[in-house]
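Engineer: heads up, no residue letters with this:
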């Protein structure tokens, strides 16, 4: 498939979201035109103000309900590529379908619209997750793009509403990605576009979307705030801080991966794990305590935990590893370090008065 280069126009779904707004920014900075979808006009003001310097290279359109049939029919017209990031991520769903239906229907819906009305579309990049790949294990395991999280599907099937909330979320990401590949494989002979799926782990880093308080941050970002920006890590024990953590990526690097994916022919038809590496909460806490001068936070100071007890400690165990060879080969992405992301995120909190 032909690659998509500036000044082509790219549709970004859920453009006011934590990840998506960084994708919009990265695209605009590289010279693309961007059409972003949001759910209501009131959410448009922040985007228009943030990207006002780009003039008519940035536009916002309303898609009230991404699960409705034909929701994206108008939005896909005249764009050269689609970056689909809109999907719920929270831990308070009672019925698993609260997460599964929007994730699956939103993803398949945008592909259906591209099939019917996206005559100029050449590539669609979907944000999936490491949640669609990993499974919980009691021994260290390395996961690759060949792996699928069947574990969460079995648990949600068996337990329904009683399934752990993390399993409901993982099921939503797994089923949405499976549905995307199934749709593309069924129709790829009849469309002028191909599909790329990016599978990031935990996403951390500063926020440029409209968020009025730390309590309103999304799930991953709020976890970071609670553990790294509170003097007592919101009550977490030193043992938890040294033992909890898997893999991560800076939100800005994830946005960069979305942009790079448009211009790499080899990314078409590929599922790609993008991860900066391993982490424990203690790693971010240790990085925070090396910042000079220390950030002035409304929380009153930084936690200490047990310095040095994180990833580099001889007794630390990581159960989850990702094989990122494909991302290195196709995307050649350079990742920010834990120190860089921690410094920039805490500076963001300080600037916001948090």
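Structural biologist: Done, it's in. Everything numeric here is computed off the predicted structure, so don't read it as measured data.
Engineer: name the element residue 104 belongs to?
Structural biologist: helix 97-117 (DSSP states H and E).
Engineer: C-terminal to that helix, what's the next element?
Structural biologist: Next along from helix 97-117, by DSSP H and E: strand 123-127.
Engineer: Quick one: list the elements packing against the helix holding residue 104.
Structural biologist: strand 81-84, strand 123-127, helix 165-187 (3 or more CB pairs under 8 Å, 6 or more residues apart in numbering; DSSP states H and E). Just so you know, the C-beta spots here come from the backbone N, C-alpha and C atoms, and that holds for glycine as well.
Engineer: list the contacts for residue 41?
Structural biologist: Counting by CB atoms under 8 Å, 6 or more residues apart in numbering, residue 41 makes contact with residue 62.
Engineer: Pull out the buried positions in stretch 341-353.
Structural biologist: Within stretch 341-353, the residues that count as buried by 16 or more other CB atoms under 10 Å are 341-343, 345-346, 348-349.
Engineer: Identify the farthest-apart pair in these.
Structural biologist: Within the buried residues of stretch 341-353, 341 and 349 form the most distant pair, 12.6 Å apart (CB to CB).
Engineer: give the contact list for residue 223.
Structural biologist: Each residue near residue 223 by CB under 8 Å, 6+ apart is listed here: residue 202.
Engineer: ok, now how distant is it from residue 136?
Structural biologist: Distance, residue 223 to residue 136, by CB to CB, to the nearest Å: 18 Å.
Engineer: can you check residue 105 too?
Structural biologist: Residue 105 is 27 Å from residue 136, where distance means CB to CB.
Engineer: For these two, indicate the residue with more neighbours.
Structural biologist: Set side by side, residue 105 and residue 136 show more neighbours around residue 105, with 19 against 15, by other CB atoms under 10 Å.
Engineer: how deep is the closest residue to that one other than its chain neighbours tucked in, by neighbour count?
Structural biologist: Leaving out its chain neighbours, the residue that sits closest to residue 105 by CB to CB, 6 or more residues apart in numbering is residue 67, at 4.0 Å. Close neighbours of residue 67, defined as other CB under 10 Å, add up to 13.
Engineer: unless I'm mixing things up, residue 67 is touching residue 102, no?
Structural biologist: Yes: between residue 67 and residue 102 there is a contact under CB atoms under 8 Å: 5.3 Å.
Engineer: ok so, going back, mean pLDDT and distance to residue 265 for the helices and strands packed on helix 97-117 - can I get that in TSV?
Structural biologist: Formatted as TSV, the helices and strands packed on helix 97-117 follow (pLDDT from 0 to 100; distance: least, CB to CB, whole Å):
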stretch	mean pLDDT	distance to residue 265
strand 81-84	98	13
strand 123-127	97	9
helix 165-187	96	16
